[in-house]
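Undergrad: Here is my input; please provide its structure:
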Amino acid sequence: MISLIRKRGSNSIRSQMRMIVLLLLVAFLIIDGLGIWFFIYRLEKNTWKERQNEAVVNASNTISQTLRQVRSALFWLGNFGDPASLQDPVVIRTLTSQLPDLLEFVYFDRNGELLSNVSFDEVSFLATSEQVIYTNWFLQARNNKVFIGNVQYSSTNQPFIIFSAPVFRNGNIIAVRLNAEFLREVIEGIQIGEQGKVYLLDQDGSIIVHSNPEVADDQLNIRNRPEIVNIFRKINRIWEGEYVNFEGVSVSGASRPIPESSWILIVEVPLSEIYQNTRLAAFLVIGGMVLLGLILFPIFNFWFERLFMEPLGDLISGSRRIGKGDLDYRVPDLPTAEFNDLSASINQMAADLRERDTELQIQYQTL
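TA: Residues are numbered from 1 along each chain as shown. Predicted coordinates for the structure are as follows:
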């Protein structure tokens with residue numbers, strides 16, 4: 001126990017003070033780091049979350065508005081135009097102006113008999129469908145429902161979407177096949193951040209369209225990914241969270257359903273972009289603290305040596321000289337009041353010892 005106390009007591013004041021300064025610097029770094037996390041990180045996260053939610057809602061409304069335009073065009077043609085006489089240039093011009101991505105138009109009666117059709121590409125997919133009365137788009141329209149299909153691909157690998165609607169005045173069926181490129185144009189027009197991505201999923205979890213055309217062309221199905229599973233678990237298909245997406249990028253994602261369709265819109269922003277201000281603040285604070293430590297430590301060391309260690313050395317040296325019998329030695333004036341008081345006490349002690357020693361010498365001589 002005694003050896004342990006001596007070992008602890010052998011640590012110099014200089015090393016202990018340096019350790020205290022280092023601990024204070026580390027404490028400030030920890031406090032500043034927590035401050036960055038609590039304020040800048042959380043503020044930036046909440047700000048981006050609001051921006052992301054606003055972007056996904058606006059994008060969902062934009063796509064929904066585009067789908068409503070298609071429905072309105074079908075409703076007008078079926079109930080105010082004459083789809084049975086599509087040779088009329090006015091009808092065709094009106095149809096193509098409202099549906100610029102039109103590939104094919106068909107008009108059936110309730111029994112599946114083709115009444116008229118127009119095709120603007122080499123393939124007549126709808127008009128030549130076998131057992132058309134059993135197709136989903138025909139059955140939905142015959143049940144007085146508007147049908148919006150998923151993206152399909154023709155034999156020439158051209159993406160298209162089928163829309164169908166009932167003609168209320170006579171119970172017939174009207175359907176169009178549109179080039180799916182209009183969705184890509186809508187998606188590419190949605191901007192969030194510098195690296196944000198937007199894409200649509202169908203009800204099977206396949207990517208319909210992506211802001212990166214190469215991803216959409218690959219026709220990926222990501223239904224089994226954890227974030228997509230979480231989205232489909234939500235009844236309203238509204239979900240948000242941070243995860244590593246199918247491209248291996250850490251992102252913050254949010255989803256919204258497209259009204260009147262089975263599609264789901266997903267907006268993703270890389271975390272590296274979301275928290276770039278947090279990283280910058282952390283770099284500046286930590287770098288600033290380290291730089292400040294490199295600047296202040298030599299200054300502290302200089303003043304510590306000057307105001308503390310040098311006076312302490314003078315006191316130790318003076319005490320030793322006086323202890324060895326040099327009673328005429330006096331410790332010089334020191335720069336700090338406390339050490340100066342201590343040096344005055346030592347000098348007074350030396351003077352008292354000198355006076356006593358003189359008295360003893362007189363008494364000795366007398367004897």
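
Undergrad: Show me where the stretch 101-250 of the chain has its helices.
TA: 136-142, 181-188, 213-217, 226-233 (DSSP state H, counting those that start in this stretch).

Undergrad: just the ones you listed: most buried one?
TA: Using mean count of other C-beta atoms under 10 Å, the stretch among those with the largest mean neighbour count is helix 136-142, at a mean of 19. C-beta: built from backbone N, CA, C; applies to glycine.

Undergrad: so what does that one touch, helix or strand wise?
TA: strand 147-148, strand 159-166, strand 173-179 (3 or more C-beta pairs under 8 Å, 6 or more residues apart in numbering; DSSP states H and E).

Undergrad: mind showing which ranges of the stretch 251-367 of the chain have poor pLDDT?
TA: Low-confidence regions of the stretch 251-367 of the chain, defined by pLDDT under 70, span residues 277-286, 288-289, 293, 307.

Undergrad: What ranges does it have for its helices?
TA: When assigned using DSSP H, counting those that start in this stretch, the helices of the stretch 251-367 of the chain occupy the ranges 271-274, 276-304, 310-323, 337-366.

Undergrad: and Ile30, how many residues sit next to it?
TA: Counted with other C-beta atoms under 10 Å, residues neighbouring Ile30 total 10.

Undergrad: Relative to Ile173, how far out is it?
TA: Distance, Ile30 to Ile173, by C-beta to C-beta, to the nearest Å: 70 Å.

Undergrad: Let me see the mean pLDDT of the longest helix anywhere in the chain.
TA: As assigned by DSSP state H, the longest helix anywhere in the chain is helix 42-79. Averaging the model's pLDDT scores along helix 42-79 yields 78.

Undergrad: buried sites along it?
TA: Under the neighbour-count criterion of 16 or more other C-beta atoms under 10 Å, helix 42-79 has 44-45, 48, 51-52, 55-56, 59-60, 62-64, 67, 70, 73-75, 77-78 buried.

Undergrad: Stretch 185-201 too?
TA: Residues of stretch 185-201 classed as buried: 186-187, 190, 192-193, 196-201 (neighbour count, 16+ other C-beta under 10 Å).

Undergrad: Okay, and which of these map to strands?
TA: By the criterion of DSSP state E, membership of the buried residues of stretch 185-201 in strands covers 197-201.

Undergrad: Closest one of the residues you listed to Glu122?
TA: Within the set of those, Leu200 lies nearest Glu122; the separation is 26.7 Å, counting by C-beta to C-beta.

Undergrad: tell me the contacts of the closest residue to that closest one other than its chain neighbours?
TA: The spatial neighbour of Leu200 that comes closest, neighbours along the chain excluded (C-beta to C-beta, 6 or more residues apart in numbering), is Ile208 at 4.2 Å. For Ile208, the set of contacting residues under the criterion of C-beta atoms under 8 Å, 6 or more residues apart in numbering consists of 150-151, 180, 183, 199-202, 216, 263.
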